[in-house]
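Asks: Using only what follows, build the 3D model:
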Amino acid sequence: MMRNWKRNVYSRAALIILFIFCLFTAQVVVFASDYTFSAMCDSRGNDDGVNKKVLSLLLNHLVKNNPSNKFILFPGDMISGKRGDPTALRKQLIKWKQVMSPIYDNIHMEWPYVWPSIGNHETINKEDMTTYLNFFNDVYMNGPKDERGLTYSFDYKNSHFVSVQTNHYVKKTKNDPYGLMEQYIKDLDWLEKDLSSARKRGIKHIFVFGHMPAFPIGAHLADSLPNANMILKNPKDPSARRYLKQRDKFWDVLVKYKVSAYICGHEHCYGRQRIRGVYQILTGGAGAPLCHLNPLPGDNKAKDPDWPPERFDEAKPFYEILGYPHGPKDKCQASNNFVGGRFFEYVIFNVSDNAVLIQTWGIDPKEGSRDQVKPGAKIELKDEFIIRN
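Replies: Sure, this is the predicted structure:
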């Protein structure tokens with residue numbers, strides 16, 4: 001009798017566990033059914049400015065496995081560009097659009113199919129800005145007067161999206177006959193008014209996207225939005241910290257209006273971390289030469305001499321300027337909740353009313369290569385997490 005009682009208790013417990021599992025599974029299915037969008041960037045390569053093989057592989061997988069995807073955010077560096085040849089940009093963008101045909105020809109996706117942000121490789125020459133605006137002329141022109149078509153915003157269902165211009169061409173100098181670039185977000189007043197208006201309309205989720213990371217995760221510790229290299233070279237000059245202070249003000253605005261995520265690229269890898277309640281999601285692995293993540297303590301062997309600092313000793317001064325924890329057990333990122341890796345990828349955002357399920361699909365590179373996939377490797381789920389309101 002006692003054995004039967006115990007058996008019944010165990011059976012009931014198993015049924016309860018099974019019920020909870022089914023309930024949770026059902027919630028996930030409902031959760032992911034509202035609408036879906038995706039993000040990727042940095043697809044430049046050697047095939048007329050594009051890494052055709054990697055980008056095509058990612059796009060075909062995206063379309064096949066995510067039929068409900070409505071549009072793509074593409075924050076910059078679609079192509080390589082060419083210094084001294086302003087005619088190259090349009091030719092390369094035409095090639096890029098041809099490779100992007102699985103998106104532009106997809107009857108299940110919605111206009112304009114791709115929402116872009118300009119990157120540093122689209123602003124190499126003085127004329128490039130005009131070429132870019134003429135090519136991507138189907139975005140909203142509701143940004144600041146001097147950034148129309150570069151900074152803009154739009155609503156989609158329960159969400160608000162903002163593209164911010166992070167790369168600005170500066171007139172040429174004696175030292176640089178082609179001109180310089182500065183990376184910063186120019187009009188924070190416009191951004192704050194835009195986000196405030198969205199919240200007043202009852203928007204559930206806000207996504208901001210731009211090319212440059214606010215918190216560099218690999219290969220671009222020296223620049224990105226903080227421009228830490230200026231501080232390292234001129235530690236006693238207060239003006240050298242102006243970009244870092246502007247980055248902080250930018251993040252303050254995102255925190256104030258409870259932005260779900262800032263989506264960016266520039267660094268050719270994947271990484272996500274939550275900083276003061278706001279996620280930075282870096283999705284720069286659409287074909288450009290892959291870089292390594294910030295070096296860890298004890299990591300003093302150069303991995304890629306073209307992209308310093310690759311050694312911890314070289315990176316440490318930047319960690320100190322940026323305030324990154326860099327002790328023996330730290331991840332040498334802005335936050336120790338950082339998750340990332342070195343692989344080609346795209347990111348899917350499954351949006352519901354109160355949460356966003358985010359999935360990163362990626363494929364490993366060929367050993368010893370930065371721009372080719374590993375032979376026989378398949379695209380697989382690399383990361384998955386949820387952002388809740």
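Asks: okay, now residue 113: neighbour count?
Replies: Close neighbours of residue 113, defined as other C-beta atoms under 10 Å, add up to 17. From N, CA and C alone the C-beta is placed, and that goes for glycine too.
Asks: can you pull out the strands in the stretch 51-200 of the chain?
Replies: 69-75, 114-117, 152-156, 159-163, 167-170, 180-183 (DSSP state E, counting those that start in this stretch).
Asks: Of these, give the one that comes closest to residue 223.
Replies: strand 180-183 (6.3 Å; C-beta to C-beta).
Asks: Run through the neighbouring helices and strands of that closest one.
Replies: For strand 180-183, the packing partners by 3 or more C-beta pairs under 8 Å, 6 or more residues apart in numbering; DSSP states H and E come out as strand 167-170.
Asks: rank the strands of the stretch 51-200 of the chain by mean pLDDT and give me the bottom one.
Replies: If you rank these by mean pLDDT, strand 180-183 sits at the bottom with a mean of 78.
Asks: Was I right to think residue 77 contacts residue 266?
Replies: Yes: using C-beta atoms under 8 Å, residue 77 is in contact with residue 266, at 7.0 Å.
Asks: Generate JSON lines for the strands of the stretch 51-200 of the chain, with mean neighbour count and distance to residue 381 as supplementary columns.
Replies: Shown next, in JSON lines, are the strands of the stretch 51-200 of the chain (neighbours: other C-beta atoms under 10 Å; distance: least, C-beta to C-beta, whole Å):
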{"stretch": "strand 69-75", "mean neighbour count": "24", "distance to residue 381": "16"}
{"stretch": "strand 114-117", "mean neighbour count": "24", "distance to residue 381": "23"}
{"stretch": "strand 152-156", "mean neighbour count": "17", "distance to residue 381": "25"}
{"stretch": "strand 159-163", "mean neighbour count": "23", "distance to residue 381": "23"}
{"stretch": "strand 167-170", "mean neighbour count": "18", "distance to residue 381": "32"}
{"stretch": "strand 180-183", "mean neighbour count": "16", "distance to residue 381": "32"}
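Asks: Next up, the contacts around residue 161.
Replies: 73, 115, 153, 154, 155, 206, 207, 208, 209 (C-beta atoms under 8 Å, 6 or more residues apart in numbering).
Asks: again, but for residue 389
Replies: Contact partners of residue 389, counting by C-beta under 8 Å, 6+ apart, are 204, 205, 258, 354, 355.
Asks: For residue 158, see how far away it is.
Replies: Taking C-beta to C-beta, to the nearest Å as the measure, residue 389 falls 10 Å from residue 158.
Asks: about what we covered before: any residues in contact with both of residue 77 and residue 266?
Replies: Residues touching both residue 77 and residue 266 by C-beta under 8 Å, 6+ apart: 42, 119, 120, 211, 284.
Asks: Only the buried subset of those residues, as a ChimeraX command please.
Replies: The following ChimeraX line selects those of the shared contacts of residue 77 and residue 266 that are buried, judged by 16 or more other C-beta atoms under 10 Å:
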select :42,119,120,211,284
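Asks: Of the shared contacts of residue 77 and residue 266, which is the nearest to residue 106?
Replies: For those, the nearest to residue 106 is residue 42 (21.6 Å; C-beta to C-beta).
Asks: Now do the SS call for the closest one.
Replies: Secondary structure assignment for residue 42 (DSSP: H, G, I helix; E, B strand; the rest coil): coil.
Asks: didn't it look like it was pressed against residue 264?
Replies: No: using C-beta under 8 Å, residue 42 is not in contact with residue 264, being 9.9 Å away.
Asks: any common contacting residues for the two?
Replies: Common contact partners of residue 42 and residue 264 (C-beta under 8 Å, 6+ apart): residue 284.
Asks: farthest-separated two in the shared contacts of residue 77 and residue 266?
Replies: 120 and 284 (11.9 Å).
Asks: what's the span of stretch 63-81 from first residue to last?
Replies: 27 Å (C-alpha to C-alpha, to the nearest Å).
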